[in-house]
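Colleague: one predicted model, sequence on top.
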Amino acid sequence: MGLIYGSLFQHSNPVHAFQLNGDGGLLPIDVNASANQQSPFWLHYDYKDPQSFNWIQQSDLFNEQVKSALSGHSGRWRLIRVGDGILLTLQTLNTNAGQRPEQLIAFRVFINNRIIISSRHRKVNSLDPVIDDLNQGVGAQSTGDWLVEVADSITDEISDFTDSLHERLIDMEDSILNGEIPDRGEFALLRKQIIVIRRYMAPQRDMFSRLTTEKLLWLDETDRRRIQEISDRLGRCIEDLDGFIARTAIISDEITNMMTEMMNRRIYTMSLMAMIFLPTTFLTGLFGVNLGGIPGNEFRFAFSVFCVLLAALIGTVLWWLRKSRWL
């Protein structure tokens, strides 16, 4: 391939187009120009952009499987060997404004020793630290180094989010200990985020681990060792998430027990009230019939005496309930 870019990439309209200078920095490139390049380069696309989509579908650089992935037709994680390169589908947190982190973003990459072609639709904020390091001259020096930097940035984001989930979980546990029931929507969202992140990060950890065993000449031993460390770090995050799932199950049981206890207490109180007023209800009903012969009908203080007797009856029932330790 004599022309690294130019006729091959004209009108592809990438979001970013960089060339790695080999010293940790980058050089912006014009895909509509034509020049010989010796260093690797990185083109980043939005596959929903019509120009980018058409270029991916018509490019001679990829086979049909790679075209399908880069065009966004498959969102599942994968690692596929394609010649001297690989096709990766990674998942990263959605940290865009107005979005929830667990609405993960699929980030697709085709990479070999000369080119990095990546695609997405929603912005991948995990790439910002990688670009910042390149702008400062302390970034990736090769395509293998770039892959390590991206994996590290994604894992850092997952690790930070796991820490924030842990803090929210602790606050919720403290509320339970204080007898406060957490908001149902907040608890449901916490459980969903934990389960979703756990669901998608486990295959990603396995994919990172598999990378260390692939025979790729552009991945040196240092890159493999760093990827294995990233895989181990992601594995520790997954172990934490497994613990969070168990703790949320305990919280759910405790919330159920608290609500059941509250309901039982209310039913118990209502039953006691009914027991207290049941004799008085019977007597008032009996003396309230519209028939002749009611005792005290001609006595002017009969109503007052009746009220006093009812109060005494209520007091007697209360004393009996207390003595029986029902109160």
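Modeller: Great, that's in hand. The model shown is predicted, which means the values in this text are computed figures rather than measured ones.
Colleague: now the strands for this structure?
Modeller: For the chain, applying DSSP state E gives strands covering 16-20, 26-28, 41-46, 78-82, 85-92, 105-111, 115-120.
Colleague: contacts only, for Pro295.
Modeller: By Cβ atoms under 8 Å, 6 or more residues apart in numbering, Pro295 lies in contact with Ala302. (C-beta placed from N, C-alpha, C; glycine too.)
Colleague: swap in 6 Å and give it another go.
Modeller: Neighbouring residues of Pro295 by Cβ atoms under 6 Å, 6 or more residues apart in numbering: there are none.
Colleague: angles on the backbone of it, please.
Modeller: phi -60, psi 140 (degrees, to the nearest 10).
Colleague: hang on, the earlier thing: so which of the strands of the chain comes closest to Ile255?
Modeller: strand 85-92 (30.6 Å; Cβ to Cβ).
Colleague: so which other helices or strands are in contact with the closest one?
Modeller: Contact analysis of strand 85-92 by 3 or more Cβ pairs under 6 Å, 6 or more residues apart in numbering; DSSP states H and E lists strand 78-82, strand 105-111 as its packing neighbours.
Colleague: okay, these in JSON lines with mean neighbour count, mean pLDDT and distance to Leu217 next?
Modeller: JSON lines is the format used below for the helices and strands packed on strand 85-92 (neighbours: other Cβ atoms under 10 Å; pLDDT from 0 to 100; distance: least, Cβ to Cβ, whole Å):
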{"stretch": "strand 78-82", "mean neighbour count": "15", "mean pLDDT": "84", "distance to Leu217": "13"}
{"stretch": "strand 105-111", "mean neighbour count": "22", "mean pLDDT": "91", "distance to Leu217": "13"}
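Colleague: TSV for the ones you listed, including distance to Ile230?
Modeller: Formatted as TSV, these follow (distance: least, Cβ to Cβ, whole Å):
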stretch	distance to Ile230
strand 78-82	14
strand 105-111	15
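Colleague: Gln141: which of the ones you listed is closest?
Modeller: Proximity to Gln141 (Cβ to Cβ) singles out strand 105-111 among the helices and strands packed on strand 85-92, at 14.5 Å.
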